[in-house]
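J.: Got a predicted model here, sequence first, then my questions.
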Amino acid sequence: MDINSDMGEGFGVWEMGNDFELLDYITSTNIACGWHAGDPARMRDLVEMAISKNVHVGAHPGLPDLLGFGRREMAISESDAYDYVLYQAGALQAFAHAYGGTLHHIKPHGALYNQAAKDLKLARGIARATKALGKDVILYGLAGSCLVQAAQELGVPVWQEVFADRRYTKEGFLVARTHPEALIHDEGQALEHVLGMANNQEIKSIEGITVKIQADTLCVHGDNPHAIAFAKKIKQLLSTSC
């Protein structure tokens with residue numbers, strides 16, 4: 001299973017996560033493109049390092065909401081979604097080409113990701129932008145969501161994404177971050193959660209219901225103090241159990 005992580009989400013003098021060290025334990029990186037976080041220097045450095053470590057380079061475009069870290073919903077159109085993704089991912093694609101690499105995938109960030117997971121029109125805008133960036137560019141979308149449906153409709157390669165440290169609803173959506181139990185803090189529970197997705201293609205929802213789910217790529221968040229150790233354990237777990 002592919003292991004991805006959101007990266008480059010600092011800005012200016014503000015740092016976030018252990019990006020460069022985490023690259024040793026993942027296979028795909030989703031790099032912020034400057035709208036919800038990130039800046040050109042971070043984009044350049046991460047692209048160069050990812051290519052040197054044979055990690056897939058992906059764009060992590062978000063809503064134009066630097067203050068809210070892209071997690072606040074906005075009323076945007078399908079055309080807006082297309083423009084936003086093409087603009088941001090195109091910038092990252094330029095960095096990838098400059099360092100002898102290619103743009104491997106698009107993974108929307110935050111509210112843009114969650115809105116498009118339930119809104120087929122927004123999902124189609126994102127899928128169209130992904131297709132415009134190249135026939136081999138993959139769209140990473142929440143498993144079973146509108147992002148997956150839109151990609152399949154348009155013939156865009158799609159990898160269905162699951163999350164190592166997030167709880168799910170019985171409908172297969174992520175529990176909102178405002179919910180006190182949105183995140184799985186216990187490492188043992190998180191590893192058990194990962195194994196269920198990898199080996200059985202299923203999750204246990206927050207309501208206690210078993211939900212079938214396709215797991216092509218697993219997101220490991222790098223914005224906590226134990227991210228490196230956790231990512232290392234997940235890599236070892238998947239290499240020995242799957």
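T.: Structure received.
J.: going forward, measure contacts and count neighbours with C-alpha atoms only.
T.: Fine.
J.: Show me the residue at the heart of the protein, geometrically.
T.: The centroid of the chain falls nearest to residue 107 when counting by Cα atoms, centre = their mean (4.7 Å).
J.: Strands of the chain, start to end?
T.: 2-7, 28-32, 56-60, 105-106, 138-142, 158-163, 202-204, 210-212, 217-219 (DSSP state E).
J.: tell me the contacts of residue 227?
T.: For residue 227, the contact set (Cα atoms under 8 Å, 6 or more residues apart in numbering) comprises 18, 22, 220, 221.
J.: I'd like the residues you listed laid out as a markdown table, including neighbour count, pLDDT and distance to residue 232.
T.: Below are those laid out as a markdown table (neighbours: other Cα atoms under 10 Å; pLDDT from 0 to 100; distance: Cα to Cα, whole Å):
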| residue | neighbour count | pLDDT | distance to residue 232 |
| --- | --- | --- | --- |
| 18 | 17 | 82 | 13 |
| 22 | 21 | 93 | 9 |
| 220 | 23 | 92 | 10 |
| 221 | 21 | 85 | 12 |
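J.: returning to what we had before: and residue 67, which of the strands of the chain is closest to it?
T.: Proximity to residue 67, assessed across these by Cα to Cα, is greatest for strand 28-32 (14.4 Å).
J.: Direction included, what does that closest one pair against?
T.: In the sheet, strand 28-32 lines up against strand 2-7 (parallel), strand 56-60 (parallel) (DSSP bridges).
J.: Between strand 138-142 and that strand, find me the angle.
T.: Relative orientation of strand 28-32 and strand 138-142, computed by axes from the mean of the first three to the mean of the last three Cα atoms, to 10 degrees: 80 degrees.
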